[in-house]
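> Next come a sequence and a model predicted from it.
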Amino acid sequence: MEERELLLERLELALDRIREIPGEDWQEESLQHWKEYFTAVAKFLLLIEDTRQFLEQGKQNTATLEELKQRNHALYEDILPENYENSFANPAVAVKCLGEEFGALAAFLYTEMRSLIGFTYEGRLDELVIRMELFSEVYAAFVYEEQENRRLPSYASIREILYWFVSDYADVAAEARVRELVCPGNNFAADIIRRAELTDLRYLYAYGEYVGENELAMAKFLNSLPEETINTMADTYTEGYRIGFEVTGKDLSKKAAVDVRYQLGFERMMRRALENFDKMGLQPVIYRAAASILYNPSIYKNGFYSVSPNRQYEFDHKDDKALFLDKMYCSRKLEVMHTAFEKYKTEARGYAGPAVVETFGEKDFAPVNKPEAVKMTDEQSTLMVEHRAQMGQLQRQYIIEEERSFTIIAFPIPEVGDCFEELFRETIRINTLDYKKYQRIQQTIIDALDQADHCEVKGCNGNHTDITVNLWKLKDPAKETIFENCVADVNIPVGEVFTSPVLEGTNGVLHVTKVFLNGLEYKNLEITFENGRIKNYNCANFATEEENKAFIKENILFRHKTLPLGEFAIGTNTTAYVAAKRLGVEARMPILIAEKMGPHFAVGDTCYSHAEEVKVYNPDGKEIVARDNEVAALRSVNPSKAYFNCHTDITIPYDELAELTAVKKDGGRIPIIANGRFVLHGTEELNEPLRELD
C-alpha cells in the first residue's frame, strides 16, 4: 500500500504538469509544430488517465457494449489507417512537421506512450508513472530552451534522456518479462478466459487490446459452435502438446507452467484448453504481446494480441531500438536478463514450452519502406545478431531445451472473406485428419528416400526452382533413417517428412512466385544456395534491388549475412492444399499448414536445434540420425557460430512442382512427385483429393 501511494503521488505530479500543456503558449512562431505535437501526446496521456479512473471505479463492468467500443476506438483512433497520415506516430509526419533530426525521436516517444494502453488495463501503475515522468522530462527540456533561448534543445540531450530511460528501467522490465514467462501467478489474461461471461462480448474490451470486427466476429462465431466442436478444437491442441512430450521421452510431470499464446476472440476454445492443461498439472502463463521498447516489441507477436489496427504503423517502428542500440545497451540488457533468470531459476525449470494458437487470413499487406523510419546501420545489425545469440544462450541455461516441448495449431479469422465459415470447418477437418493413414503413407516415402544419395527438385508453371539437396548417408539402414515421419503432435496438422540436409553438395535455386512468411508477402522470391548456404537472394516487392534485398535480409535472414539450409521436407497434406485452392486462399495459408502443402525448405537452424544429442525415433523404431549439419556441428567448439535463432519455411506448391526425385548413389532414380502428383507406389491415396482440381 505504501508503494502504491507513492506511485499515485508521482503519477499525480506528472499529470499536473501534463494537464497544463494543451493550454500553454509557445512564443517562438517557428516552433508551433512542437506545440501541436506535445498537445497531441498530452491529450492522449490524459485519455489514458481517464481510462485508468474508469477501470478503477468498476465502470468496465457496467458500461454498454457501445460505450466500450467508443472508448476502445478513441484509444487507437490516431493510428488507424484512415488517420495515420496525420498522426505524429507516423515517422513521415513527425519528420515533415518536426524536422529530420528530431522527427524519429518524437515518433518513437509517442509510440512508447501508446504502450500505456495495455499497462493501464492490467493495472500496472509503475509502468504508467515512469512513462508519464519521461514525457514530462522531455517536455520540460523543450520548454526551457524555447522560453530561455528561443530554440530547440540539442538532439544529443533529448536522445540522452530517452537512452537513460531504456537503460535505467531495463532491470525492472527484465524481471517483469521473466516473471511473466515462467510464473503462473497473477495471470491477467487467464482470469478473463476463466471468469468472463463469453456470450457477452463486452469481455473483449477488458484486455485493452484493439477490438475490431475480426475479434467481435470470431468470438460471436465460436459462441455459435456446438460444445462438441469447441472440445475437438481444444483437445486437438492440448493433446498435441502432451504427445509432444511423450514421443520425445520428456517428463511432463516435472513441469508446472505452459506458455499459452492466442488471439482475442478464441476465449471459448481457450477456456476448455486451460481445463485440459490443468488436468496435466500445468498452469498457464499468458502475457501481452510487447508494445514498449523495454519489452522488445516486434512485428512477430508472441503472447495474447488482437489483429493489428495498422500493420504499417508496426512496420514503421520495428527498428526503433536502433535509436539506442550500442554495445553498452546490449551489455546492460544481457546483464539484467541474467539477474532476472537467476532470481526465477527454479520457476524456469518448470517451464514446459509454448502452446500456440496461430491465425491466418489477414488482408494482403505490402509494407512501404519509409525513408523517415528508423533503420539499423550495418554495425547495429551485426550487433543485434550477436545480441540475439547471447540472449538465446542465456535463456537456454535456465530453460533446458532438451526438457521442454511445444505445439502449434492454426485457424482462419473472419477477415479472410466470405469463405470464412467454410474455411474454418475445413481447417478443423484438416487439423483432425487420420494420422495413422498419413503415418503409413509417409513411411513409404521415407523408405524410398532412405535409399537416396540426394534429391532433385524442379519447378514448373512459372516456377524456376532447380536445386539438388544432399542427404545424410546411413551407416546401418536396418536401424537408422534419414527423415522424420511427422504426424499431428507438436506441429498440427499432419502431413510431412523432413530431414536436416547435408550442406556440402546442396546447390541450386529455390523460387516461389508468391508466398507469405511471418505475415509478409514476397513476390517472386528467389534464393540461390551454394554448398547449403545462401549465396544470393532477391524478390520483386519493391522498385529497386537494394530495397528487395534489404527486405529479405531483415525478415528472412534476420540480418545474418547468410543462412544454411536447415530443413528439407516433403508435405503430404493434399487435403489442405485442395481446400485452400478451392476457396482461393492458398497464398494466405499460414506456414504451419502451407508447409504441408508441397515440398518445403527452411533457412536457418535445423528442426533439432539445441537438441541434436537427444535421440529421436520414428514409429517403425528406426533412429532419425540426420539431426545435424556442418554448421550445427560447431556447437561444441563455437556455439555462437552454430546457431542463428531463426527458422523460416518456404514451400513450393504442388502446381508449381515439375519433379521431386530421389537419386541413388548409382544414379538410379526414384520419382516421388511428378507434375504435381505423387507417383511413388504406395502414395496414390494422396492424389485422391487432388482429383477435385482435375
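Nice, thanks for sending it over.
> give the contact list for A170.
294, 332-333, 336 (C-beta atoms under 8 Å, 6 or more residues apart in numbering). All C-beta atoms are positioned from the backbone trio N, CA, C, and that covers glycine.
> try 10 Å this time
294, 329, 332-337, 340 (C-beta atoms under 10 Å, 6 or more residues apart in numbering).
> got it, and I243?
So I243 contacts 405, 407, 435, 487-490 (C-beta under 10 Å, 6+ apart).
> State whether it is indeed within a helix.
Yes. Counting by DSSP: H, G, I helix; E, B strand; the rest coil, I243 is found in a helix.
> What does the pLDDT read for it?
Reading off the confidence values, I243 has pLDDT 91.
> that older thread, filter the contacts of A170 to the buried ones?
Buried residues within the contacts of A170, counting neighbours by 16 or more other C-beta atoms under 10 Å: 294, 329, 332-334, 336-337, 340.
> N214 belongs to a helix?
Yes. Checked against three-state DSSP, N214 lies within a helix.
> you'd agree it is up against F411?
No. When contacts are counted by C-beta atoms under 10 Å, N214 is not listed as touching F411 (11.9 Å).
> list residues touching both of those two?
In contact with both N214 and F411: 263, 265, 359, 361, using C-beta under 10 Å, 6+ apart.
> Check those and tell me the two furthest apart.
G265 and G361 (12.3 Å; C-beta to C-beta).
> So those two - more neighbours on which side?
Here G265 and G361 are compared on neighbour count by other C-beta atoms under 10 Å; more neighbours surround G265, at 27 against 23.
> What count of nearby residues applies to the closest residue in space to that one that isn't next to it in sequence?
Nearest in space to G265, with sequence neighbours left out and distances taken as C-beta to C-beta, 6 or more residues apart in numbering, is M218 at 3.0 Å. M218: 27 surrounding residues under other C-beta under 10 Å.
> now what about the helix or strand harbouring M218, what contacts it?
Using DSSP states H and E, M218 maps to helix 213-224. Helix 213-224 has contacts (C-beta under 10 Å, 6+ apart) with 65, 69, 72, 198-201, 203-205, 207, 209, 211, 229-230, 233, 263-270, 306-308, 359, 361-362, 411-416, 420-421, 424.
> Could you pull out the strands in the stretch 351-500 of the chain for me?
351-360, 407-412, 454-459, 466-470, 480-481, 484-486, 496-499 (DSSP state E, counting those that start in this stretch).
> I'd like to know which of those strands lies nearest to L693.
strand 454-459 (18.0 Å).
> okay, and the common contacts of G265 and G361?
Common neighbours of G265 and G361 (C-beta under 10 Å, 6+ apart) are 214, 307, 411, 413-414.
> Quick one: the residues you listed as TSV, columns for neighbour count, pLDDT and distance to K321 too.
Shown next, in TSV, are the shared contacts of G265 and G361 (neighbours: other C-beta atoms under 10 Å; pLDDT from 0 to 100; distance: C-beta to C-beta, whole Å):
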residue	neighbour count	pLDDT	distance to K321
N214	23	96	29
V307	23	94	24
F411	24	97	32
I413	22	96	29
P414	21	96	33
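> Of those residues, just say which sits nearest to K96.
V307 (28.7 Å).
> how about a markdown table for the buried ones among the contacts of A170, with distance to N518, pLDDT and secondary structure added?
Compiled in a markdown table, these are given as follows (distance: C-beta to C-beta, whole Å; pLDDT from 0 to 100; DSSP: H, G, I helix; E, B strand; the rest coil):
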| residue | distance to N518 | pLDDT | secondary structure |
| --- | --- | --- | --- |
| L294 | 23 | 96 | helix |
| Y329 | 25 | 94 | helix |
| R332 | 28 | 95 | helix |
| K333 | 23 | 95 | helix |
| L334 | 25 | 96 | helix |
| V336 | 28 | 96 | helix |
| M337 | 24 | 97 | helix |
| A340 | 27 | 97 | helix |
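> State the pair within these that is farthest apart.
Y329 and A340 (16.6 Å).
> list the contacts for the residue nearest to the spatial centre of the chain?
Nearest to the geometric centre of the chain sits Y300, at 3.1 Å (C-alpha atoms, centre = their mean). Contact analysis of Y300 by C-beta under 10 Å, 6+ apart lists 289, 318, 518-520, 555, 558.
> Tell me the buried residues within the residues you listed.
289, 318, 519-520, 555, 558.
> And those residues, which two are furthest apart?
Once C-beta to C-beta is applied, those give A289 and F558 as the farthest pair, at 18.5 Å.
> List only those of the contacts of helix 213-224 flagged as buried.
Buried among the contacts of helix 213-224 by 16+ other C-beta under 10 Å: 69, 72, 198, 201, 203-205, 207, 209, 211, 230, 233, 263-270, 306-308, 359, 361-362, 411-416, 420, 424.
> list the contacts for the closest residue to M384 other than its chain neighbours?
Nearest non-adjacent residue to M384, counting by C-beta to C-beta, 6+ apart: R559, 5.9 Å away. Neighbouring residues of R559 by C-beta under 10 Å, 6+ apart: 376, 378, 380-385, 388, 553, 644, 646.
> Going by distance to A104, which of these wins?
For those, the nearest to A104 is M376 (12.5 Å; C-beta to C-beta).
> So that closest one versus S331, what's the distance?
Distance, M376 to S331, by C-beta to C-beta, to the nearest Å: 18 Å.
> same deal with F551?
Relative to S331, and taking C-beta to C-beta, F551 is found at 30 Å.
> can you pull up the bridge partners for I527?
L510, Y537 (DSSP bridges).
> isn't it right up against N507?
No. The criterion here is C-beta under 10 Å, and I527 misses it with N507 at 11.9 Å.
> quick one: which of these two has more around it?
The neighbour count for I527 versus N507, taken as other C-beta under 10 Å, is higher for I527 (25 against 18).
> model confidence over stretch 450-464, on average?
Stretch 450-464 comes out at a mean pLDDT of 97.
> Quick check: E28 touching R150?
Yes. Contact status for E28 versus R150: in contact at 4.9 Å, counting by C-beta under 10 Å.
> what's the closest non-adjacent residue to E101?
Y155 (5.1 Å).
> Can you give me the neighbour number for C460?
15.
> where does it sit relative to A658, distance-wise?
Taking C-beta to C-beta, one finds C460 at 4 Å from A658.
> Which neighbours do these two have in common?
What both C460 and A658 touch, as defined by C-beta under 10 Å, 6+ apart, is the set 652, 675-676.
> Which one (most neighbours) among the residues you listed?
I652 (29 neighbours).
> how about it, what does it touch?
457-460, 463, 465, 467, 510-513, 515, 571, 597-601, 658, 660, 673, 676.
> Put the buried members of those residues into a PyMOL selection.
The PyMOL command for the buried members of those (criterion: 16+ other C-beta under 10 Å) is given here:
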select buried, resi 457+458+459+463+465+467+510+511+512+513+515+571+597+598+599+600+601+658+660+673+676
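> mind checking how far D319 is from I593?
30 Å.
> Quick one: list the elements packing against the helix-or-strand element of the chain with minimal mean pLDDT.
Least confident helix or strand of the chain, by mean pLDDT, DSSP states H and E, is helix 639-642 with a mean of 84. For helix 639-642, the packing partners by 3 or more C-beta pairs under 10 Å, 6 or more residues apart in numbering; DSSP states H and E come out as helix 378-398.
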